[in-house]
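*Asks:* got a predicted structure plus its sequence, pasted below:
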Amino acid sequence: MDYMLYYNNVPGKGRCRNNLIYTSLINADKTVFCQHYWNDPSYHKGMNKVVDPSLMQEKWNRDLKFSNIMLNNNPTVVPKLANVDLKNKRLCWRIQGVDFWERTGCTQDFDNVLKDWQEQMLDILAAYRNLGIWKYSLHPSSYFVVNGKLKSINHFFCYEDNEPEICIADCLSHISEDRLSQLMPMVNAAGLDLHKPVPFAVLGQLALDSFADSYPADFIAKAKEIYV
């Protein structure tokens, strides 16, 4: 199957890469979206947060692991798989059009796309927590709408309750420079050390707070009841 590079068209910024770790691909009729765990310089334009092959491998392994957990334990949360190419590190999902954020014109006009998006997204967050999983990749571009239902992807930023706690410094490759500029004042205000392990619930609160410009405040408050 032939793929083309996939972008988000962000107001005031123009065409932007869809993900800061992998290279995003889509087929011509927008029925398959592919996460290609490879650094394409033409796509990332020198801004890829992951250039170390071993770190890319780790994120690929984590995405595979948690995607499979959801497919096996709660398959309604994620899209259906189109293909897994282990050799080329491609994880491909069956979709129906562009991602949830792109459908809004990369704004917060979520209600115009899906009236019950809040309830659906909160149910998805609860599904992860019910399986003992923390999913911190919460951007609206991490969701697709299939048959009127939100579907979640991007499991490279997932951890299980029984894993060792991690440091914020370990997460910096997951965070864009724009979002980092919002996150760091929160980290400093909380008196957190970037290089000391913190509880997963604290990371959950930081993650949700960092999306204050992406979601309505009432949604963030409801999500915290699940995540914090």
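*Replies:* Cool, the structure landed.
*Asks:* C-alpha from now on. contacts and neighbour counts both.
*Replies:* OK.
*Asks:* secondary structure element for the nearest residue to Pro79 once chain neighbours are set aside?
*Replies:* The shortest distance from Pro79 to any residue other than its chain neighbours is 5.4 Å, reached at Lys151 (Cα to Cα, 6 or more residues apart in numbering). In the assignment (DSSP states H and E), Lys151 maps to strand 149-152.
*Asks:* what packs against that strand?
*Replies:* Packing partners of strand 149-152 (3 or more Cα pairs under 8 Å, 6 or more residues apart in numbering; DSSP states H and E): helix 117-130, strand 143-146.
*Asks:* now do 6 Å
*Replies:* strand 143-146 (3 or more Cα pairs under 6 Å, 6 or more residues apart in numbering; DSSP states H and E).
*Asks:* show me what counts as buried in the helix or strand of the chain with the lowest mean pLDDT.
*Replies:* The weakest-scoring helix or strand in the chain, judged by mean pLDDT, DSSP states H and E, is helix 177-189 (a mean of 83). Within helix 177-189, the residues that count as buried by 16 or more other Cα atoms under 10 Å are Leu183.
*Asks:* distance of the residue located most distally from the centre of the chain relative to Met184?
*Replies:* In the chain, the greatest distance from the average C-alpha position (Cα atoms, centre = their mean) is reached by Gly191, at 26.3 Å. Between Gly191 and Met184 the distance is 11 Å, computed by Cα to Cα, to the nearest Å.
*Asks:* if we can go back for a sec, avg pLDDT for the helix or strand following the least confident helix or strand of the chain?
*Replies:* Downstream of helix 177-189, the first helix or strand assigned by DSSP H and E is strand 197-198. Mean pLDDT, strand 197-198: 96.
*Asks:* what packs against the very next helix or strand once past the strand holding Lys151?
*Replies:* Downstream of strand 149-152, the first helix or strand assigned by DSSP H and E is strand 158-160. Counting contacts by 3+ Cα pairs under 6 Å, 6+ apart, strand 158-160 packs against strand 133-135.
*Asks:* Thr23: neighbour count?
*Replies:* Thr23 has 24 neighbours, counted by other Cα atoms under 10 Å.
*Asks:* ok, back up a step: show me what contacts the residue nearest to Pro79?
*Replies:* Listed by Cα atoms under 6 Å, 6 or more residues apart in numbering, the contact partners of Lys151 are Val77, Val78, Pro79, Tyr143, Phe144.
*Asks:* quick one, what contacts Asp218?
*Replies:* With contact set as Cα under 6 Å, 6+ apart, Asp218 has no partners.
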